[in-house]
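Return a 3D structure for these sequence lines:
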Amino acid sequence: MRVRLVLLLALATAAIALVVAGCGGGDGGGSDPASVMPAETPLYIGVTVRPEGDLQANTEALAENVAGVDLSEEIVSALEQGAFTEEEDLDFEKDIEPWLGDNAGMAFQELAGGDPEGVVIAVESTDAGAAEEFIEDFSTEVGDEPTYEGTTFKVEEDDGTAVGMVDDYFVIAEDETIFKAVVDAAADESLADQDTYGSAVDATADESLADVFVDVGNVLEETGTEIDAETQQLLGATGIEPKEAFVIASVVPGAESLEIDFATNAAGDNPPTGDASQLLGSLPGGSFAAFAAGEFGARLGESIDLIDEMGIEGQIEPNEFKDALKANGIDLDKLTGGIGDLGVFAQGNTEANLTGAVVLTTKDAKEATNTVSNLGLLLRASNTPGVTALSGDAAGFSIRDPELGDQPLVVAAKDDKIAISYGLAASTQALTAGKGSTLAENPTFEKAGDALGDTPLSGYIAGPATLALVDNLLSPEEAEDFESARPYVEKIEYLAIGNGTSGDLATSKLIIGFSK
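Residues are numbered from 1 along each chain as shown. Next comes the predicted model:
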């Protein structure tokens, strides 16, 4: 039986939206294949097989822009020419298009081995009779044709792949046991009936081509991962319940960009908030990568409070952590209370000139300066090698270590900023953020911010500058291997990252912008 090759057909359908353009459109609705997936599925991918309107046009344009291909023609041609032998000619328009519905889904039941296994694929059918004929026409060398709960299916002799119709879905399962689980799910309780899945679906982006759902609780159970009591206590204190947590990612194509939207309930009772885009824009304009986090001090303070409350097993008793540091002149409450946002930048195009820094804004410049100075004194008093006090306008110290390379690690404070950098030059730039050339003056950076809309920009990577660095870091052998990917990577103009909240969910966006 050619079920293994039919499986390639369905995998292609689920992974890249088989008739994403030009092969006829559905009504844009359809049912959810999750309704036949086992309830305890840890990883599920749903795709729109027959998009319409802007979704179809954007996907088509993106494929043409990035890869220079007509996506529908490429996929159909690959299926017709490669998936079947010459004796089993596949005509997409005749054999598949008449029964292909709007949606498809792929679920993985086993994750413990590292690679997802236990695959089951369900493709919505608009004509169950035609889909059954397709199975009959391209099924030979069948080992068994068992019946389970009134559903007859076929099992391949070679590897046990099972294929058949469950309700109105064309289903392929890795083995007979998984196929039977699909039949049970369709008749009783499925993934679509789970509250966790329902909450995740409600958070998916509009106009998404594909959605990837991860049930964290089922992943932990399936992989046999145990959370120790101490970690469980820490998570519980922040309102995180791993067994009820989920992550969902939606893939949204644009004509010149690819957007991936994330949502999760695994961020606790108070998902991160804050807009640090102003700090991000003030970082050096020559940065090839930069990131920022709003209200970092408040988040750091919450984490320190939890560590202090719980202690560190075998090292520090509960409620002694902050007191121990305070005795050495470091008041963590004052420090975190005075910190505002955090920014990180990196620049350079070779290993020799690669540098970067962390910059913290503060609400109390005097406290920041005192804390950095006291930390330097503490390190020198403990005979930490390589520690030297800074001279000049900035307060702080540097640490030299052969493992760090030629440049020292510098910790410095000036005015309302604290900088932690590799090399003194980066520290100087960090402490004067906003003066001189900045990212905010970069047209591509501005374009990245505009792409995120109302979502504050929290991360930026410049495509050409990053590619230049990669080229200089690759060995000749690695560079040769990279050549096949180069035409596509060269199209990347920028990566934009934004974070926010939606109700009690933490959300984020990753947008890859492509040049024409």
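
show me the contacts for the closest residue to Thr126 other than its chain neighbours.
Spatially, and ignoring its direct neighbours in sequence, Thr126 is nearest to Gly101 (4.9 Å; CB to CB, 6 or more residues apart in numbering). (C-beta placed from N, C-alpha, C; glycine too.) Each residue near Gly101 by CB atoms under 8 Å, 6 or more residues apart in numbering is listed here: 26, 30-31, 49-50, 123-126, 168.

Burial check on Tyr44, number of neighbours?
24 (other CB atoms under 10 Å).

element containing it, please.
Assigned by DSSP states H and E, Tyr44 belongs to strand 43-48.

again, but for Gln429
Element membership of Gln429 [criterion: DSSP H and E] is helix 424-431.

what does the next helix or strand after that helix contact?
Helices and strands here follow DSSP H and E; after helix 424-431, the next one along the chain is helix 443-451. For helix 443-451, contacts defined as CB under 8 Å, 6+ apart pick out 257, 259, 277, 281, 439-440, 457, 460, 462, 493-496, 511, 513.

how about 10 Å then?
254, 256-257, 259, 277, 280-281, 283, 285, 287, 290, 438-440, 442, 455-457, 459-465, 493-498, 509, 511-513, 515 (CB atoms under 10 Å, 6 or more residues apart in numbering).

do the same with stretch 468-475
Stretch 468-475 is contacted from outside by 288-289, 346-354, 462, 478-482, 486, 489, using CB under 10 Å, 6+ apart.

Nearest to Val410 among the contacts of Gly101?
Proximity of the contacts of Gly101 to Val410 was ranked by CB to CB; the top entry is Val49 with 54.5 Å.

ok, the closest one - how many residues close by?
Val49 has 24 neighbours, counted by other CB under 10 Å.

How about it: what's its closest non-neighbour residue?
Distances taken as CB to CB, 6+ apart put Ala104 closest to Val49, at 4.9 Å, once the chain neighbours are dropped.

Spell out which helix or strand contains the one you found, please.
strand 100-110.

what's downstream of that strand, the next helix or strand?
Downstream of strand 100-110, the first helix or strand assigned by DSSP H and E is strand 117-125.

and that following strand, how far from the chain's centre?
Centroid displacement of strand 117-125 relative to its chain, using CA atoms, centre = their mean, to the nearest Å, is 23 Å.

That one pairs with which strands?
Strand 117-125 sits in its sheet next to strand 100-110 (antiparallel), strand 169-173 (antiparallel), going by DSSP bridges.

In CSV, list those strands along with mean pLDDT.
CSV is the format used below for the strands paired with strand 117-125 (pLDDT from 0 to 100):
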stretch, mean pLDDT
strand 100-110, 89
strand 169-173, 92
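
Pull out the buried residues from the lengthiest helix in the chain.
Looking across the chain with DSSP state H, the single longest helix is helix 365-381. Residues 367-377, 379 are the ones in helix 365-381 that count as buried (16 or more other CB atoms under 10 Å).

At which residues are the strands of the stretch 51-200 of the chain located?
Per DSSP state E, counting those that start in this stretch, the stretch 51-200 of the chain carries strands over the ranges 100-110, 117-125, 142-144, 147-148, 151-156, 162-166, 169-173.

nearest to Phe213, of the ones you listed?
Among the strands of the stretch 51-200 of the chain, the nearest to Phe213 by CB to CB is strand 100-110 (9.2 Å).

now that closest one, how far from the centre of its chain.
The chain centre lies 20 Å from the centre of strand 100-110; the measure is CA atoms, centre = their mean.

Stretch 340-349 now?
Distance of stretch 340-349 from its chain centroid, counting by CA atoms, centre = their mean, is 21 Å.

Below-threshold pLDDT in the stretch 201-350 of the chain: ranges please.
By pLDDT under 70, the low-scoring segments of the stretch 201-350 of the chain are 224, 226-240, 268-272, 329.

again, only using 90
203-209, 216-245, 255, 265-276, 294-340 (pLDDT under 90).

just to revisit the earlier point, counting only strands, which of the contacts of stretch 468-475 make the cut?
Under the assignment DSSP state E, these contribute 289, 346-347, 462 to strands.

Pull out the buried positions in stretch 199-219.
Across stretch 199-219, burial judged by 16+ other CB under 10 Å covers 199-201, 203-205, 208-219.

circling back to that earlier point, can I get the contacts of Gly101 in a markdown table including distance to Met310 and pLDDT?
Output for those, formatted as a markdown table (distance: CB to CB, whole Å; pLDDT from 0 to 100):
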| residue | distance to Met310 | pLDDT |
| --- | --- | --- |
| Gly26 | 53 | 43 |
| Gly30 | 49 | 63 |
| Ser31 | 47 | 84 |
| Val49 | 49 | 80 |
| Arg50 | 52 | 77 |
| Val123 | 49 | 90 |
| Glu124 | 49 | 92 |
| Ser125 | 54 | 92 |
| Thr126 | 56 | 92 |
| Asp168 | 52 | 92 |
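
and the one helix or strand Ile307 maps to, which residues are buried?
Using DSSP H and E, the element containing Ile307 is helix 296-310. By neighbour count on 16+ other CB under 10 Å, the buried set for helix 296-310 is 296-301, 304-305, 307-308, 310.

Point out the other helices and strands that it packs with.
Here helix 296-310 touches helix 229-237, helix 321-326, helix 332-338, strand 339-347, strand 355-362, going by 3 or more CB pairs under 10 Å, 6 or more residues apart in numbering; DSSP states H and E.

quick one: strands adjacent to the last one?
When pairs are called by DSSP bridges, strand 355-362 turns out to pair with strand 339-347 (antiparallel), strand 417-422 (antiparallel).

so how far is the shortest one from its chain's centroid?
Going back to what we said before, that points to strand 417-422. Distance, stretch centre to chain centre, for strand 417-422: 28 Å (CA atoms, centre = their mean).

now the angle between helix 424-431 and that strand, please.
Angle of strand 417-422 versus helix 424-431, following axes from the mean of the first three to the mean of the last three CA atoms, to 10 degrees, is 150 degrees.

so strand 417-422 versus helix 365-381, what angle?
40 degrees.

got the CA positions of strand 417-422 in CSV?
Coordinates of each C-alpha in strand 417-422 appear next as CSV, following Å, rounded to 0.1, in the frame of the first residue of the first chain:
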residue,chain,number,x,y,z
LYS,A,417,22.3,54.9,34.1
ILE,A,418,24.2,51.7,35.0
ALA,A,419,26.1,49.9,32.3
ILE,A,420,27.5,46.4,32.2
SER,A,421,29.7,45.9,29.1
TYR,A,422,32.4,44.0,27.4
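
how about it: buried residues?
Buried positions in strand 417-422, judged by neighbour count with 16+ other CB under 10 Å: 417-422.

Just send those back as a markdown table, with pLDDT and distance to Lys180 too.
Output for the buried residues of strand 417-422, formatted as a markdown table (pLDDT from 0 to 100; distance: CB to CB, whole Å):
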| residue | pLDDT | distance to Lys180 |
| --- | --- | --- |
| Lys417 | 86 | 62 |
| Ile418 | 89 | 60 |
| Ala419 | 90 | 61 |
| Ile420 | 92 | 57 |
| Ser421 | 91 | 59 |
| Tyr422 | 85 | 57 |
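
want to throw those residues into JSON lines with distance to Thr151?
Formatted as JSON lines, those follow (distance: CB to CB, whole Å):
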{"residue": "Lys417", "distance to Thr151": "66"}
{"residue": "Ile418", "distance to Thr151": "65"}
{"residue": "Ala419", "distance to Thr151": "65"}
{"residue": "Ile420", "distance to Thr151": "62"}
{"residue": "Ser421", "distance to Thr151": "64"}
{"residue": "Tyr422", "distance to Thr151": "62"}
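
Give me the buried entries from the contacts of stretch 468-475.
288-289, 346-349, 354, 462.

Now the two most distant members of these.
Maximum pairwise distance among the buried ones among the contacts of stretch 468-475 (CB to CB): 14.5 Å, between Leu354 and Ala462.

Assess the claim that Asp115 and Phe108 are in contact.
Yes: the criterion here is CB atoms under 10 Å, and Asp115 meets it with Phe108 at 9.2 Å.
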